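K.L.:
model this:
(one chain, ligands or ions: 2)
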Amino acid sequence: MQQATQPGFAACHGCSLCLLPCPMWRAHRDVSYSPQGFAKAMQAGASASDLADQLVCCIQCGACDVMCPEQIDLSGMVSKLWKQAGLSESIELSESIGLSESIELPDSIEWIPQPSNDKVFAMSKNPMVQAQLSCKDLYIIDAAPFHTHHAERVQHYDALRHSTGCSMNLDLNRMAIPTGADSVSARMGKFDVAQQLDWLMQGHDFKRIVVECELDQSTLAKIIDQPVIHVSKLLE
Ligand code: SF4
Ligand code: SF4
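P.N.:
Ligands and ions are numbered 1, 2, ... in the order given. You can find the predicted model right below:
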């Protein structure tokens, strides 16, 4: 949610830092598929519908919000553009965005806000959960709520990583690399979750995956040989 004092796209000075954690940019390698691209297009007078092809590829992970030195509410601005472009009601853009058929978004799919994962976050603080994590685990943080509460949560997960020895889906900037499995873009075939998971898994050596997001669990379980469990299982 944009705060009253928070700047909008007009404040973008083009530093490109938001590209670094952006899965949409990584998938396309084209600045027009990035928060910077949206900001610069809007500064040049583009409309939301001009950007529909790109907007629909944003998985709303929130990593760009944390990166931006101007503290622009980037994911909030993208959400507004998404609505202005008519993408949140029904996808009637089959011609303009190249979909083979019109896709209706089920009522259950909300663009924003993300479902609260406060309960899951509390589980990650539970001593019983922490005692069962080890260096054999890859722990996948739910990215969007992590970025929303970044200042508080980055410290908690850093401590958890060090005390248990598990690895996590954190990049060098300590942003959580999202799977994208729970995104509208993935459901529309606009985001390649398998490719994203390849990136996420790189450099990790693990015997088990522990996830916070249930959709991550079902998606990963289909493609990963190792067991994939939800963090709540560690409480049983
Ligand atoms: S919310 Fe995520 S995918 Fe969307 S622009 Fe920001 S970093 Fe990229
Ligand atoms: S990080 Fe912020 S200021 Fe820098 S290019 Fe991205 S939107 Fe613009």
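
K.L.:
need phi/psi at the residue positioned nearest the centre of the chain.
P.N.:
Nearest to the mean C-alpha position of the chain, by CA atoms, centre = their mean, lies residue 61 at 2.2 Å. Torsion angles at residue 61 (phi, psi; degrees, to the nearest 10) stand at phi -80, psi -20.

K.L.:
relative to residue 232, how far out is it?
P.N.:
Using CB to CB, to the nearest Å, residue 61 is found at 22 Å from residue 232. Quick note: C-beta positions are derived from backbone N, CA and C, even for glycine.

K.L.:
tell me which helix or strand residue 24 sits in.
P.N.:
Take DSSP states H and E as the rule and residue 24 turns out to sit in helix 23-28.

K.L.:
export the helix or strand just after that helix as PDB, just CAs?
P.N.:
Counting by DSSP H and E, the next helix or strand C-terminal to helix 23-28 is helix 35-43. What follows is helix 35-43, C-alpha atoms only, in PDB (Å, rounded to 0.1, in the frame of the first residue of the first chain):
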ATOM      1  CA  PRO A  35       9.900  -1.500 -12.700                       C
ATOM      2  CA  GLN A  36      12.300   0.900 -14.300                       C
ATOM      3  CA  GLY A  37      10.800   0.200 -17.700                       C
ATOM      4  CA  PHE A  38       7.300   0.900 -16.300                       C
ATOM      5  CA  ALA A  39       8.500   4.100 -14.600                       C
ATOM      6  CA  LYS A  40      10.200   5.400 -17.700                       C
ATOM      7  CA  ALA A  41       7.300   4.600 -19.900                       C
ATOM      8  CA  MET A  42       4.900   6.400 -17.600                       C
ATOM      9  CA  GLN A  43       7.200   9.400 -17.400                       C
END
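
K.L.:
OK, contacts around residue 38?
P.N.:
By CB atoms under 8 Å, 6 or more residues apart in numbering, residue 38 lies in contact with 9, 51, 54, 55, 74, 77, 78, 81.

K.L.:
next: residue 39.
P.N.:
If you count contacts by CB under 8 Å, 6+ apart, residue 39 has them with 9, 12, 72, 74, 77.

K.L.:
so where is this protein shaky, pLDDT-wise?
P.N.:
Residue ranges of the chain with pLDDT under 70: 1-5, 88-116.

K.L.:
output the longest helix belonging to it.
P.N.:
If you go by DSSP state H, the chain has its longest helix at helix 150-164.

K.L.:
who's in contact with it?
P.N.:
66, 121, 124-125, 130, 133-135, 137, 139, 141, 145-146, 166-168, 170, 174.

K.L.:
residue 57 is in contact with residue 190, correct?
P.N.:
Yes. Assessed by CB atoms under 8 Å, residue 190 is found in contact with residue 57 at 5.0 Å.

K.L.:
more neighbours, those two?
P.N.:
residue 190 (23 against 19; other CB atoms under 10 Å).

K.L.:
can I take it that that one is in a helix?
P.N.:
No. Using DSSP: H, G, I helix; E, B strand; the rest coil, the assignment for residue 190 is coil, not a helix.

K.L.:
next one: it from residue 76, what distance?
P.N.:
20 Å.

K.L.:
then residue 188?
P.N.:
Taken as CB to CB, the span from residue 188 to residue 76 is 21 Å.

K.L.:
what do you get for residue 24?
P.N.:
Between residue 24 and residue 76 the computed distance is 16 Å (CB to CB).
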